[in-house]
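> Quick one, what's the 3D model for this:
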Amino acid sequence: MLTTPVALTNTHSVGVVRDALLAAVLAAEPGPGSEWSLPVVAETWDGVLNDLNGFHVRPEHVHEAFAAASEGPVDEGAVGAGTGMICHGFKGGIGTASRVQPESEGGHTVGVLVLANHGRRQRLTVNGAPVGRMLDDIPLPGAPAGGSADPRGAGSIIVIVATDAPLLPHQCARLAQRAGLGVGRVGGIGEHTSGDLFLCFATGNRGMTAGAIGEVAPRAYEITMLADAHITPLFEAVVEATEEAIVNALLGAATTEGRDGIVAHALPGERLAQALSAAAR
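Reported below is the predicted structural model:
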């Protein structure tokens, strides 16, 4: 059971975000069930742009994000946890995309949100075209002052997959695995130091509860399970939406100056269009 929202942050802020997320959930839903929860917090390292040892993420930021969460379009690029992220040598961050199946295949929706902080410039591929090697004139971010690590290609990506299809946990795991294929389409290979994380949850059996402490739960729940013979279209949706979400993270981000004057340059949409056109010739 997923008992809380999924929170994303940088590597050294997992603890404060975990505690603040739990506090926000308990404040929003006091009473039975509040004695136990398992907050879900995921991280990627943003130490090129961010002074992450300054512990700048505080509980009030989590509470503000929790209160501001709503339906509708999701902000993309250098927002929230994406503020300090770098993707394929450009400014990265949050990206989203979705696919809706035709009614003949169930009519289910698959949504993907990425925190893109990974990849080398030379491997960047969009729609099958090797565009990264055509964009070398756009400067790469540097390393922090006094640092020796080469930031190119280092980093991670988090992919959160959500669907309204009625899936069981092992089926969610199978969808999550397909996110890696979408990452690979854009040129990510899961390099050393890439702590890539893929998580899928399904709401098709929403209404069940884990059973709060002291709560009288029914002896059994009735659930619906999508037949495995019909799951392949969901796999395809995850791969396509992951690929698009990474590109959207790149195109949604603005050039950002971080610590020590280090700059991560945005990927302008017109430059990507020119590279795609040149690759098609």
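> only C-alpha atoms for contact and neighbour calcs from this point on.
Noted.
> any low-confidence regions in the stretch 51-200 of the chain?
By pLDDT under 70, the weakly predicted segments of the stretch 51-200 of the chain are 143-154.
> repeat that with 90
66-67, 69, 105, 142-155, 191-195 (pLDDT under 90).
> Break down it into its strands, ranges please.
For the stretch 51-200 of the chain, the strands defined by DSSP state E, counting those that start in this stretch occupy 86-87, 90-91, 93-100, 109-119, 153-163, 197-202.
> Does anything pack onto the third one? Which helices or strands?
For strand 93-100, the elements it packs on are strand 109-119, helix 232-252, judged by 3 or more C-alpha pairs under 8 Å, 6 or more residues apart in numbering; DSSP states H and E.
> ok and it relative to strand 153-163, angle-wise?
Orientation note: strand 93-100 sits at an angle of 30 degrees relative to strand 153-163 (axes from the mean of the first three to the mean of the last three C-alpha atoms, to 10 degrees).
> List the buried residues of strand 93-100.
Buried residues in strand 93-100, counted by 16 or more other C-alpha atoms under 10 Å: 93, 94, 95, 96, 97, 98, 99.
> would JSON lines of these with distance to residue 261 be doable?
As requested, the buried residues of strand 93-100 are exported to JSON lines (distance: C-alpha to C-alpha, whole Å):
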{"residue": "93", "distance to residue 261": "19"}
{"residue": "94", "distance to residue 261": "22"}
{"residue": "95", "distance to residue 261": "25"}
{"residue": "96", "distance to residue 261": "29"}
{"residue": "97", "distance to residue 261": "32"}
{"residue": "98", "distance to residue 261": "36"}
{"residue": "99", "distance to residue 261": "39"}
